[in-house]
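1. everything below, folded, please.
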Amino acid sequence: MTGLVPGARLPERTFGPVTLTDIVRYQGASGDLNPIHHDDEFARAAGFPAAISVGMLGAGWLAAYCTEHLGEAAVRRFRTRFSLVVYRGDRLTASAEVVRLFEQDREPRVELAVRLRKDDGSVVIDGTAEFAVP
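-> Predicted coordinates for the structure are as follows:
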């Protein structure tokens, strides 16, 4: 990918609106069958207004967004921090900005600041990712 210079931004990508099907499919694939993610009554008993999405589903979408641009084989590190709960119906936008280019173990790399946010701009997940670059 060309244009990897500090301050450059990858084109944004939107996911969603998040559906119950998205959540349940992720739960089945991951083995996280906690009913707080698909059962509204259970979630309300835990203090939420409705069932909440699986946090790692959003992290997976953010990782997929990055690998669409830089490739799966190029992933060297991916770190995230979860900030907000996601509900069915939320639309999420992934973005990334080049922080730096560097070399590690004789391999050229790029570090990205990554973010997933709701339509209102509130940050759901932020983090950093490192990829090998040719």
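2. now do the contacts for the residue nearest to the spatial centre of the chain.
-> With distances taken as C-alpha atoms, centre = their mean, residue 62 lies nearest the centre of the chain, 2.6 Å away. By C-beta atoms under 8 Å, 6 or more residues apart in numbering, the contact set of residue 62 is 80, 94, 114-116, 125, 127. (Glycine included, C-beta is placed from N, CA and C.)
3. any chance of CSV for those, columns secondary structure and distance to residue 11?
-> CSV is the format used below for these (DSSP: H, G, I helix; E, B strand; the rest coil; distance: C-beta to C-beta, whole Å):
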residue, secondary structure, distance to residue 11
80, strand, 20
94, strand, 10
114, strand, 13
115, strand, 14
116, strand, 15
125, strand, 18
127, strand, 19
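4. quick check on the residues you listed: which are buried?
-> Neighbour counting by 16 or more other C-beta atoms under 10 Å classes 80, 94, 114-116, 125, 127 among these as buried.
5. returning to what we had before: am I right that the residue nearest to the centre of the chain sits in a helix?
-> Yes. Counting by DSSP: H, G, I helix; E, B strand; the rest coil, residue 62 is part of a helix.
6. can you give me the strands in this structure?
-> 13-15, 75-82, 92-104, 107-118, 123-132 (DSSP state E).
7. just send those strands back as TSV, with distance to residue 47 and mean pLDDT too.
-> Putting the strands of the chain into TSV (distance: least, C-beta to C-beta, whole Å; pLDDT from 0 to 100) gives the following:
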stretch	distance to residue 47	mean pLDDT
strand 13-15	26	98
strand 75-82	17	98
strand 92-104	23	98
strand 107-118	20	98
strand 123-132	19	98
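8. would you format those strands as a markdown table with distance to residue 22 included?
-> As requested, those are arranged in a markdown table below (distance: least, C-beta to C-beta, whole Å):
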| stretch | distance to residue 22 |
| --- | --- |
| strand 13-15 | 9 |
| strand 75-82 | 17 |
| strand 92-104 | 11 |
| strand 107-118 | 14 |
| strand 123-132 | 14 |
